[in-house]
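In: would you be able to build a 3D model of this:
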Amino acid sequence: MSLPAAVSQRENIPVALLLAVAGMAAFTPIFAAGKLAGGLVPIAALVWLRFAGGAATILCVAGVRKVPLHRQLSPLWKLHLMRAVCGVGSLATAVFAASVMPLADATAIGLTKGIFAIALAGLILKELVTGRHWVAGILSMVGAYLVVQSAKSGAVPTEVATTGVVAALASALFMATESLIMRYIAQREDTVTILAYVNVFAACLLAGPVVWLIAAEGVGVSDLLAFAWLGPLAIFGQSLNIAAYRRAGAATLAPAFYATVILSAIFGYAVWGEVPGQGAVLGAVLILAGGAVLTLRRPS
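Out: Here you go, the predicted model:
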């Protein structure tokens with residue numbers, strides 16, 4: 001099947017890597033939204049604000065660009081729905097994890113999504129799992145273990161830290177699944193269509209429960225408006241990520257996404273003065289090493 005001219009683009013790895021890093025930089029404060037809210041806004045409401053605001057933003061863009069979203073249901077709508085479910089799951093668990101443990105630690109554990117992606121590709125796509133994959137997996141798992149131990153030995157109570165670790169691992173699994181879906185969709189539909197479907201689906205899925213939650217907990221309108229930036233910023237980040245996926249494959253882009261642990265460490269230090277412990281730093285280095293083994297090409 002041939003791709004539309006607006007979708008098909010030549011591979012450009014340097015540009016793709018820059019787009020990917022910029023996209024993940026945009027998402028760093030979004031993942032930290034739970035800690036920024038300080039408990040004033042429930043995490044479920046923050047996730048809904050992100051997708052509802054994203055839906056409103058991208059529908060305005062679609063109107064300006066005259067993208068005919070209403071004329072015909074996308075033939076990939078089931079994949080869009082699956083991606084929306086994964087997106088809600090990954091963001092909710094990531095925001096929760098970052099709210100109960102250092103942002104850099106939560107991000108480092110989330111980087112194990114590369115190993116989950118390999119496992120899913122082997123199970124679902126029947127791709128061959130080689131020795132290189134096993135080495136990368138062992139390095140990443142050992143690194144994640146060190147980060148977990150560092151989190152448990154920190155100022156956060158052990159029970160809370162454990163819950164945060166489980167949430168970070170769940171987020172990694174959701175993101176791995178979403179990345180497989182994204183790579184397929186990004187090669188077949190334009191950016192506005194992709195973003196419109198995932199944001200509208202996710203906002204609709206969460207609308208009922210979140211409205212009830214907001215009313216039950218008496219969340220103020222001013223508190224909600226304080227996080228209205230989540231949606232537009234997410235659309236900006238998603239647009240950069242989709243543009244990156246169009247110019248390079250998931251394996252090529254993985255090193256850029258592993259840089260998120262550095263971005264999170266910088267953000268956590270600048271906002272809350274968080275300094276990762278030695279164990280967490282060593283664990284993050286091992287996870288990054290696993291990513292390097294996984295993605296760097298062998299010399300020919």
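
In: ok, then the element right after the lengthiest helix in the chain?
Out: Using DSSP state H to define each element, the chain has its longest helix at helix 158-186. The helix or strand immediately downstream of helix 158-186 is helix 191-217, counting by DSSP states H and E.

In: report the buried residues of that next one.
Out: Of the residues in helix 191-217, 191-203, 205-206, 210, 213-214 count as buried by neighbour count, 16 or more other Cβ atoms under 10 Å. No exception for glycine: its C-beta is placed from N, CA and C like everyone else's.

In: relative to helix 158-186, how tilted is that helix?
Out: Interaxial angle, helix 191-217 versus helix 158-186 (axes from the mean of the first three to the mean of the last three Cα atoms, to 10 degrees): 150 degrees.

In: now do helix 191-217: which elements does it pack against?
Out: When contacts are defined as 3 or more Cβ pairs under 8 Å, 6 or more residues apart in numbering; DSSP states H and E, helix 191-217 packs onto helix 43-65, helix 77-100, helix 230-247.

In: Tyr269 is nearest to which of these?
Out: helix 77-100 (13.9 Å; Cβ to Cβ).

In: what's the closest one packed up against?
Out: Going by 3+ Cβ pairs under 8 Å, 6+ apart, helix 77-100 lies up against helix 13-31, helix 33-37, helix 43-65, helix 103-110, helix 158-186, helix 191-217.

In: alpha carbons of it, as PDB, please.
Out: The C-alpha coordinates for helix 77-100 follow below in PDB (Å, rounded to 0.1, in the frame of the first residue of the first chain):
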ATOM      1  CA  TRP A  77     -10.000   3.400  14.300                       C
ATOM      2  CA  LYS A  78      -9.600   0.200  16.400                       C
ATOM      3  CA  LEU A  79      -5.800   0.800  16.600                       C
ATOM      4  CA  HIS A  80      -6.500   4.400  17.600                       C
ATOM      5  CA  LEU A  81      -8.800   3.200  20.300                       C
ATOM      6  CA  MET A  82      -6.100   0.700  21.500                       C
ATOM      7  CA  ARG A  83      -3.500   3.400  21.500                       C
ATOM      8  CA  ALA A  84      -5.900   5.700  23.500                       C
ATOM      9  CA  VAL A  85      -6.300   3.100  26.200                       C
ATOM     10  CA  CYS A  86      -2.500   2.500  26.300                       C
ATOM     11  CA  GLY A  87      -2.000   6.300  26.400                       C
ATOM     12  CA  VAL A  88      -4.300   6.800  29.300                       C
ATOM     13  CA  GLY A  89      -2.700   3.900  31.200                       C
ATOM     14  CA  SER A  90       0.800   5.000  30.600                       C
ATOM     15  CA  LEU A  91       0.200   8.600  31.500                       C
ATOM     16  CA  ALA A  92      -1.800   7.800  34.700                       C
ATOM     17  CA  THR A  93       0.800   5.300  36.000                       C
ATOM     18  CA  ALA A  94       3.700   7.500  35.100                       C
ATOM     19  CA  VAL A  95       2.200  10.600  36.700                       C
ATOM     20  CA  PHE A  96       1.400   8.600  39.900                       C
ATOM     21  CA  ALA A  97       4.900   7.100  40.000                       C
ATOM     22  CA  ALA A  98       6.600  10.500  39.600                       C
ATOM     23  CA  SER A  99       4.300  11.900  42.400                       C
ATOM     24  CA  VAL A 100       5.500   9.400  45.000                       C
END
